[in-house]
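Student: next comes the sequence, and after it the predicted model I'd like to discuss.
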Amino acid sequence: MIWIRITVICTLVCLLHAHKECMGHVKWELFTLSLNSMGSAISLDCAYDYDDDSLCNPRHLVNMVNHNAVLLVDVINRAETLYRENPNPKMFIEALQHTRYTIRPCIHHSHEVAKEPVTTCFNKLESFLKKKSHSQCGWEIVNSKVKEIFQRLEKRSVVARRR
């Protein structure tokens, strides 16, 4: 019985290490560059057009995703679906597809992962865009949130590689 527990713990530690390794292969700068090409900041006119609490909290989402490649792929899939409605998504969607292809070998046991944090976050972003009729201001605000998510994921990945 004790050997089974030890084996399970060792397997989980190995999977976490593999996920950290996979995160090291992600080209994070592609996300930043492509999101910047769609607008690098929220304009002053749009800055007061939303309540930050009603949108996704990037810090919370990244803490939930951590180094889990399955959840990262879910973030990528949801971002791709969301940005299909953007007027200029080509470069960002290509970056998402490249990353999904890069980390595909790291995906294990996807049916065992709770994806609620990712779903909740992107549902809030989609609802906000619909409420704003996919306006320029709506996209500026969503871009800033998505950019923050990927910047936090990048920072988490860099810190993990240094350990």
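Tutor: It's in. Numbers count the residues shown, from 1 in each chain.

Student: pull the contacting residues for the residue positioned nearest the centre of the chain.
Tutor: Centroid check for the chain by Cα atoms, centre = their mean gives residue 75 as the closest residue, at 4.0 Å. Counting by Cβ atoms under 8 Å, 6 or more residues apart in numbering, residue 75 touches 61, 65, 118, 122, 149, 153. C-beta here means a position set from N, CA and C on the backbone, and glycine is covered the same way.

Student: which among the residues you listed gets closest to residue 47?
Tutor: residue 149 (19.2 Å; Cβ to Cβ).

Student: low-confidence ranges in this structure?
Tutor: Residues of the chain meeting the criterion pLDDT under 70: 1-25, 40, 66-67, 108-114, 158-163.

Student: for it, longest helix please?
Tutor: helix 136-162 (DSSP state H).

Student: quick one: list the elements packing against that helix.
Tutor: helix 2-23, helix 28-37, helix 44-47, helix 58-65, helix 69-83, helix 116-131 (3 or more Cβ pairs under 8 Å, 6 or more residues apart in numbering; DSSP states H and E).

Student: for the fourth one, packing partners?
Tutor: Just to be clear, that refers to helix 58-65. Contact here means 3+ Cβ pairs under 8 Å, 6+ apart; on that basis helix 58-65 packs against helix 69-83, helix 116-131, helix 136-162.

Student: burial count for residue 130?
Tutor: 11 (other Cβ atoms under 10 Å).

Student: next: residue 27.
Tutor: There are 12 residues near residue 27, going by other Cβ under 10 Å.

Student: does it really touch residue 98, like I thought?
Tutor: Yes: shown here, residue 27 and residue 98 form a contact pair, counting by Cβ atoms under 8 Å, at 6.8 Å.

Student: ok, and for stretch 81-93, which residues are buried?
Tutor: Buried residues in stretch 81-93, counted by 16 or more other Cβ atoms under 10 Å: 82-83, 86, 89, 91-93.
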